[in-house]
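**Q** 3D, please:
(chains A and B)
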Number of protein chains: 2
Amino acid sequence: MKINQNYLNLQESYLFRTIAQKVNAYKAEHPEADIIRFGIGDVTRPLAPAVVEAMGKAVREMGDAATFRGYDDGGVGYDFLREAIAGYYAARGVDVGADEIIVSDGAKSDVGNILDIFGSGAAAVVPDPVYPVYVDTNIMAGNKIIYAGGNESNGFLPPPPSSEAADIIYICSPNNPTGAVYSREGLAAWVDYALRSGAVILFDAAYEAFITDPGLPRSIFEIEGARRCAVEICSFSKLAGFTGVRCGYSVVPRELVSADGHPLFELWKRRQTTKFNGVSYITQRGAEAALSPEGLAQCRENIAYYRENARITGSALSKLGIEYFGGVNAPYIWLRCPDGMDSWEYFDKLLGEKNVVGTPGGGFGENGKHFFRLTAFGSRENVVRAMERIGG
Amino acid sequence: MKINQNYLNLQESYLFRTIAQKVNAYKAEHPEADIIRFGIGDVTRPLAPAVVEAMGKAVREMGDAATFRGYDDGGVGYDFLREAIAGYYAARGVDVGADEIIVSDGAKSDVGNILDIFGSGAAAVVPDPVYPVYVDTNIMAGNKIIYAGGNESNGFLPPPPSSEAADIIYICSPNNPTGAVYSREGLAAWVDYALRSGAVILFDAAYEAFITDPGLPRSIFEIEGARRCAVEICSFSKLAGFTGVRCGYSVVPRELVSADGHPLFELWKRRQTTKFNGVSYITQRGAEAALSPEGLAQCRENIAYYRENARITGSALSKLGIEYFGGVNAPYIWLRCPDGMDSWEYFDKLLGEKNVVGTPGGGFGENGKHFFRLTAFGSRENVVRAMERIGG
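**A** The predicted structure is shown next:
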């Protein structure tokens, strides 16, 4: 049997699997080690009480013939959730129709699966450093990757390329891994570039809930013209701690049409209703509850907790004279590895000497080779202990 | 922006959406109509008590910091569920390793997504009539489709093609839509053909739980040689009523390698860990409970209920002199439309005159044009009333 030869061009192992293997090898040699993990960006706070209550109720409904639900009719998400998501935007003054939303099992799935509707051989602009999924999924599709370089001089907020034409553009703001957040002007430059070159922007807003500065955009649709060139992909993973529950959504405005006149919403809906069968009813009720006034207030307490972790981490790094980006309006702290170390060297040193696990910037691209990502998603106790160890 | 031109070759609308539109249009004109639906193969019995209990417990665990779970580490399913699935096979004497299983959100997702690892331009053998997802996903991938014709003379169990070479082969047994079930000899002919032509079989076992005849194979891996040529895709949707909960799995034996020596399990795992982020912890605990002795006994009560529906339906059709296939060891009844009607004519007649909704065989392919699918997944009351109406 023949296989997709593009898969052979992938790096051998997904970044976080490599880290897991290194940590497991270390643990096997040092079974007594008390390892603190700030690696994969996984949350640690439990689900909000409103979410737990709504999901418990939904489970009971599924056990009763009178209220049992089978397939999510239509496969794009229940109206109750799509309307709640539209309301979440409306509360920020962003006009998104419930009928422009498709509910999914997470932003990672959407980011990967949506490439299906663009076919093979596209030119994709991705930032460097970058969430590895953007790169790997484009390699799998046989697309050409054009890197937009983020670095210290542009604050890890790369501007659009000056010359090359693009078909697909990835923007993640607040950024994973750097924690950098685009201003309105910064995003407007990308929207202009996309409209000029006829490209589609895939805007990854997974970390929008961490923005508290009212001057910073939480949605690409706050930018004039974005409805004609952008898809927004978002998630309940970081807003509501749903990494183990699995729910996300995409917003595809009705103004967004291909060069030959095909509405992208219809193509994406066709992809999803053919290769996907909707999200668990229980999960959708939980997501709806997360967006209720009570649920949002509870979720925001968790986010405030993580933000305080980020503040403590940044403050400790500053005291140590370690330069960093992010950590404000974002759950990631992106630090320059001390003493000119490269990022895997620093990873090994932190693991071996401090029993602290972070993510080597080199795993996110060339421009990350001397940087290192810490997440704010740990417990307060672990954040404090880890920073004491790093400082010790 | 460019789009995947293969999407333009798709039929305008997915079969079940067309049916839903027709039914909605009828309801708009006849708001008082008491419509009985045997269309989409959706279950109606509530979840088993053991499943409800396990999911309720998992929801509470997610609300407690001490037991909260984030990402499914590894993204291929928790060991507790993969081991339970391996045990489900072992109980039938089929040797499948837990490390050969990847848990997903459903068989439809797996059937669609796994094409990614085979790339574009493959030759796919699909039965006719056929579950539309096999056809649509291959059109999306730009693959060539070779139909293996099922008809009355072969009992809707097509044998392998005699000449053409294939890369990918779809087999669904018990079959959707015909309810036909392959014998061991029937499947062995396909395994021989796949091994000879170097093709991979995608064996859709979503309805295996409906087989009670011990002489019929419930897994392709009951057939000698299948571990070298077949992937099995299965689901909790019909076994445990999970259509609204979303859980499935694929089994990729370690002996299964591409012509150039790449283990398919690794390619598929790479696809899933890159474009998917695992299944809800709550759902996985529910699936585990469905496979417990208590859960299985409860699920089998529901299946027995649906099997009795199929028996009642078949018996009523026989009395009316309507010829049918399936309905035994399968939840589908595949009947020949009376009076030489084509299947959409019969659909309109049943909807308009009897207010009964089924699925026109023409939606499943050329060979279904004069057939009609009824499902056994309705309530007993509706099955009895529908058959009275059809006979009246």
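**Q** pretty sure residue A:370 sits against residue A:336.
**A** Yes: judged on CB atoms under 8 Å, residue A:370 makes contact with residue A:336 at a distance of 6.2 Å. Just so you know, the C-beta spots here come from the backbone N, C-alpha and C atoms, and that holds for glycine as well.
**Q** near chain B at all, the longest helix along chain A?
**A** With DSSP state H applied, the helix covering the greatest number of residues in chain A is identified as helix A:293-319. No: Helix A:293-319 stays clear of chain B (CB under 8 Å from any CB of the partner chain), getting no nearer than 10.5 Å.
**Q** repeat that for stretch A:242-257.
**A** Yes: in this structure, stretch A:242-257 sits against chain B according to CB under 8 Å from any CB; the contacting residues are A:243-246.
**Q** then stretch A:214-225?
**A** No: Stretch A:214-225 stays clear of chain B (CB under 8 Å from any CB), getting no nearer than 14.6 Å.
**Q** check stretch A:43-52 too.
**A** Yes: for a cut-off given as CB under 8 Å from any CB, stretch A:43-52 has contacts with chain B, namely A:43-47, A:49, A:51-52.
**Q** residues contacting the residue in the stretch 101-250 of chain A that chain B sits nearest to?
**A** In the stretch 101-250 of chain A, no residue comes nearer to chain B than residue A:112, which is 3.0 Å away by CB to the nearest CB. Residue A:112 makes contact with A:133, A:137, B:274-276 under the criterion CB atoms under 8 Å, 6 or more residues apart in numbering or on different chains.
**Q** re earlier: tell me the buried residues in the longest helix of chain A?
**A** Neighbour-count burial for helix A:293-319 flags A:295-296, A:298-299, A:302-303, A:306-307, A:309-310, A:312-314, A:316-317 (criterion: 16 or more other CB atoms under 10 Å in any protein chain shown).
**Q** who does that helix touch, helix- and strand-wise?
**A** helix A:49-62, helix A:281-290, strand A:324-326, strand A:332-336, helix A:380-391 (3 or more CB pairs under 8 Å, 6 or more residues apart in numbering or on different chains; DSSP states H and E).
**Q** hmm, back to that, and the buried residues of helix A:293-319, which is closest to residue A:228?
**A** The closest of the buried residues of helix A:293-319 to residue A:228 turns out to be residue A:296 (CB to CB; 30.1 Å).
**Q** now do the buried residues in stretch A:266-280.
**A** Of the residues in stretch A:266-280, those buried by neighbour count under the rule 16+ other CB under 10 Å are A:267-280.
**Q** end-to-end on stretch A:90-99?
**A** When the termini of stretch A:90-99 are compared using CA to CA, to the nearest Å, they are 14 Å apart.
**Q** does chain B sit close to it?
**A** No: using CB under 8 Å from any CB, stretch A:90-99 stays clear of chain B, with a minimum separation of 14.9 Å.
**Q** where's that stretch relative to the chain centroid, distance-wise?
**A** Going by CA atoms, centre = their mean, to the nearest Å, the spacing between the C-alpha centre of stretch A:90-99 and its chain's C-alpha centre is 20 Å.
**Q** quick one: contacts of it?
**A** A:79, A:82-83, A:85-86, A:89, A:218-219, A:221-222, A:251, A:253-254.
**Q** top of these by neighbour count?
**A** residue A:251 (26 neighbours; other CB atoms under 10 Å in any protein chain shown).
**Q** bridge partners for that one, pull those for me.
**A** Under DSSP bridges, the beta-bridge partners of residue A:251 are residue A:101, residue A:232.
**Q** now for it: which residues touch it?
**A** By CB under 8 Å, 6+ apart, the contact set of residue A:251 is A:89, A:96, A:100-101, A:221, A:231-234.
**Q** strands of chain A, residue ranges please.
**A** Listed in chain order, the strands found in chain A under DSSP state E are A:36-37, A:101-104, A:123-128, A:144-149, A:168-172, A:200-204, A:230-235, A:248-251, A:324-326, A:332-336, A:356-357, A:359-360, A:371-375.
**Q** now tabulate those strands in CSV and tack on mean pLDDT and distance to residue B:8.
**A** Compiled in CSV, the strands of chain A are given as follows (pLDDT from 0 to 100; distance: least, CB to CB, whole Å):
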stretch, mean pLDDT, distance to residue B:8
strand A:36-37, 92, 47
strand A:101-104, 98, 20
strand A:123-128, 97, 21
strand A:144-149, 96, 23
strand A:168-172, 98, 19
strand A:200-204, 98, 17
strand A:230-235, 98, 20
strand A:248-251, 98, 21
strand A:324-326, 97, 43
strand A:332-336, 97, 41
strand A:356-357, 96, 48
strand A:359-360, 96, 41
strand A:371-375, 97, 42
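**Q** what about residue A:113, neighbour count?
**A** By the measure other CB under 10 Å, the count of residues near residue A:113 is 24.
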